[in-house]
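**Student:** Generate a structure from the sequence data that follows.
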Amino acid sequence: MLVSHASRLSPQVRQEHRWFAVALGVGLLHAVDDAVLNRQPGVPVTQHLPALAAVTVGAALAVWAFPRLRPGLRSALALVAGLLISANGAMHVLQIALSSPQGSDLTGVLAAAAGLGLVALGAWIPFRHRGERPAGRMLRWGRRAVAVVVGVVVGQLVMVPVLAALVQTHKFREDVVESPLGFQPVSFSSTDGLELSGWYRPSGNGAAVVIVNSSRGDRNESRAHAELLARHGYGVLTYDARGTGESEGTPNGWGWEWEHDVDGAIDFLHAQPEVKANRIGGLGLSTGADVLIEVAAKNPDMRAIVCDGATARSFADRPPGLLSIPFTLFMLGAGQLFSGTSPGEPLTELIARAAPTPVLLVAAGSLPLELYAGDRYAAAGPSATLWKLPQVRHTKAIREVPRQYERRVIEHFDAALLDQSGR
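**Tutor:** Here you go, the predicted structure:
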């Protein structure tokens, strides 16, 4: 509810308004720095302008409306803005604490502090204005009950998915560790022009496998998979997805646009003299598994894939459920706004078009969605085989059932990429 005349504001409300406007301004300063001034390498200035415009308009409306709202709504507005700004800033705090500082990390730390200040403001306003509107005991508790219910619903169905989208599209970069024995640092270009960095081990059997990592994106997590394939003579290329590790671009934990990275990796493998043109495969972990399904459907040079932990990346891929509809819509909608990219086609349609490329789906049990997805994709894919591991954690089969994992993965690639003599 709006206060009728801003000119009648009390000194307390004016003070709160200044607090709110300054903190929001710091958050907006970081948004400009992150999207324009110190944007990620290789990212065009236009990619994040729609998100920046939306944030700027939203901030301006919030500053205008804040002093005109009743205390309860002012508190809610400060809390919502504070949570969003502090979540964004927290990514930069983690970047500094766990890795190497990047260009926009300074304003990111300031944004984290400003966000916490807004959360504090949101908590202080109800305390400061208690008792200003006399009401009976039943009415006061009724208002509180309504506020709690509305807060829980909005928090779970709007704020949580928006925060999840913010994290997925603002992941911090981790430093790349030392390469595995026998691997050499390489770089190559994605098919949309980004410079990507990775490790490569030449092939000993004429075949090669590109590893596509999970939502974290960088090559650190796939060392064990790379070494497993190399032990069996396969050439192995594992790399940092766009926006992660040492690669250019903007991060995206759902893997949107990563198919351009994989296509560039295939081009790199084609250029290696020891790799035969019809012997290129892919192994994807979690998000990477989702991406490989699309690549197999669209790029005939991908001759076999192992999808370890495929789940979902679009609304059509999610399991049915009334509560999941608003959650998913807000999450993916916010993700598209923040990233300037989109999910692409449903994986059920893509895996059907991947045939006759052999697909091994590895579905573990720690994520309920993964077993559901495995059943669904296996039913939709004529060339897909499902290996269910209900007692194994997500993408941890290589550690928890190592012998079985090695046998199934190598047999799959051997059958598809090697001739009968194995040469």
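**Student:** Which residue ranges of the stretch 251-400 of the chain form helices?
**Tutor:** Along the stretch 251-400 of the chain, counting by DSSP state H, counting those that start in this stretch, helices occupy 258-270, 287-298, 324-339, 347-354, 368-380, 397-400.
**Student:** Domain parsing of this protein, as residue ranges.
**Tutor:** 9-134, 184-315+339-417 (automatic domain parsing).
**Student:** coming back round to it: for the helices of the stretch 251-400 of the chain, could you give me TSV that also reports mean neighbour count and mean pLDDT?
**Tutor:** C-beta here means a position set from N, CA and C on the backbone, and glycine is covered the same way. Below are these laid out as TSV (neighbours: other CB atoms under 10 Å; pLDDT from 0 to 100):
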stretch	mean neighbour count	mean pLDDT
helix 258-270	22	98
helix 287-298	27	97
helix 324-339	19	88
helix 347-354	22	96
helix 368-380	19	94
helix 397-400	16	97
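**Student:** and residue 228, which of the ones you listed is closest to it?
**Tutor:** helix 397-400 (6.8 Å; CB to CB).
**Student:** tell me which strands and helices that closest one is in contact with?
**Tutor:** With contacts defined as 3 or more CB pairs under 8 Å, 6 or more residues apart in numbering; DSSP states H and E, helix 397-400 has these neighbours: helix 223-231, helix 402-417.
**Student:** Highest mean neighbour count out of these?
**Tutor:** The highest mean neighbour count among the helices and strands packed on helix 397-400, using mean count of other CB atoms under 10 Å, belongs to helix 223-231: a mean of 19.
**Student:** Keeping just the C-alphas, turn it into CSV.
**Tutor:** Extracted C-alpha coordinates of helix 223-231, given in CSV (Å, rounded to 0.1, in the frame of the first residue of the first chain):
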residue,chain,number,x,y,z
ARG,A,223,41.2,-35.8,-14.2
ALA,A,224,40.3,-39.4,-13.2
HIS,A,225,38.1,-39.8,-16.3
ALA,A,226,40.9,-38.5,-18.6
GLU,A,227,43.4,-40.9,-17.1
LEU,A,228,41.0,-43.8,-17.4
LEU,A,229,40.6,-43.2,-21.1
ALA,A,230,44.3,-42.6,-21.7
ARG,A,231,45.2,-45.9,-20.1
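**Student:** Centre of the chain to that helix, how far?
**Tutor:** 25 Å (CA atoms, centre = their mean, to the nearest Å).
**Student:** same question, stretch 374-386
**Tutor:** 24 Å.
**Student:** give me the number of residues near the closest residue to residue 330 other than its chain neighbours?
**Tutor:** The shortest distance from residue 330 to any non-neighbouring residue, by CB to CB, 6 or more residues apart in numbering, is to residue 161 (4.2 Å). Number of residues near residue 161 (other CB atoms under 10 Å) recorded here: 21.
**Student:** What are the buried residues along the host helix or strand of residue 161?
**Tutor:** Applying DSSP states H and E as the criterion places residue 161 in helix 160-168. Buried residues in helix 160-168, counted by 16 or more other CB atoms under 10 Å: 161-168.
**Student:** same thing with stretch 32-40?
**Tutor:** Those would be 33-35, 38-40, for stretch 32-40 by 16+ other CB under 10 Å.
**Student:** Same question for stretch 271-288.
**Tutor:** 272, 275-276, 279-288.
**Student:** likewise stretch 92-109?
**Tutor:** By 16+ other CB under 10 Å, the buried positions in stretch 92-109 come out as 92-95, 102, 104-105, 107-109.
**Student:** ok, these vs residue 325, which is closest?
**Tutor:** Distances from residue 325 to the buried residues of stretch 92-109, taken by CB to CB, are shortest for residue 94, at 31.3 Å.
**Student:** Quick one: list the elements packing against the helix or strand containing that closest one.
**Tutor:** Using DSSP H and E, residue 94 sits within helix 71-98. With contacts defined as 3+ CB pairs under 8 Å, 6+ apart, helix 71-98 has these neighbours: helix 11-32, helix 49-65, helix 105-128, helix 137-154, helix 160-168.
**Student:** Serialize the helices of the stretch 251-400 of the chain to CSV and add fields for distance to residue 361.
**Tutor:** Formatted as CSV, the helices of the stretch 251-400 of the chain follow (distance: least, CB to CB, whole Å):
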stretch, distance to residue 361
helix 258-270, 18
helix 287-298, 8
helix 324-339, 22
helix 347-354, 9
helix 368-380, 5
helix 397-400, 12
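**Student:** Go through those and name the closest to residue 186.
**Tutor:** Residue 186 sits nearest to helix 258-270 of all these, at 7.2 Å, using CB to CB.
**Student:** which residue is nearest the middle of the protein?
**Tutor:** Nearest to the geometric centre of the chain sits residue 253, at 1.8 Å (CA atoms, centre = their mean).
**Student:** wait, that residue sits on residue 170?
**Tutor:** No - with contact defined as CB atoms under 8 Å, residue 253 does not count as touching residue 170 (9.3 Å).
**Student:** right, and the domains of the chain - which one's nearest residue 331?
**Tutor:** Per CB to CB, nearest to residue 331 of these: domain 184-315+339-417, 9.3 Å.
**Student:** Quote the end-to-end distance of the closest one.
**Tutor:** For domain 184-315+339-417, the first and last residues are 23 Å from each other (CA to CA, to the nearest Å).
**Student:** Check the offset of that domain from the chain's centre.
**Tutor:** 16 Å.
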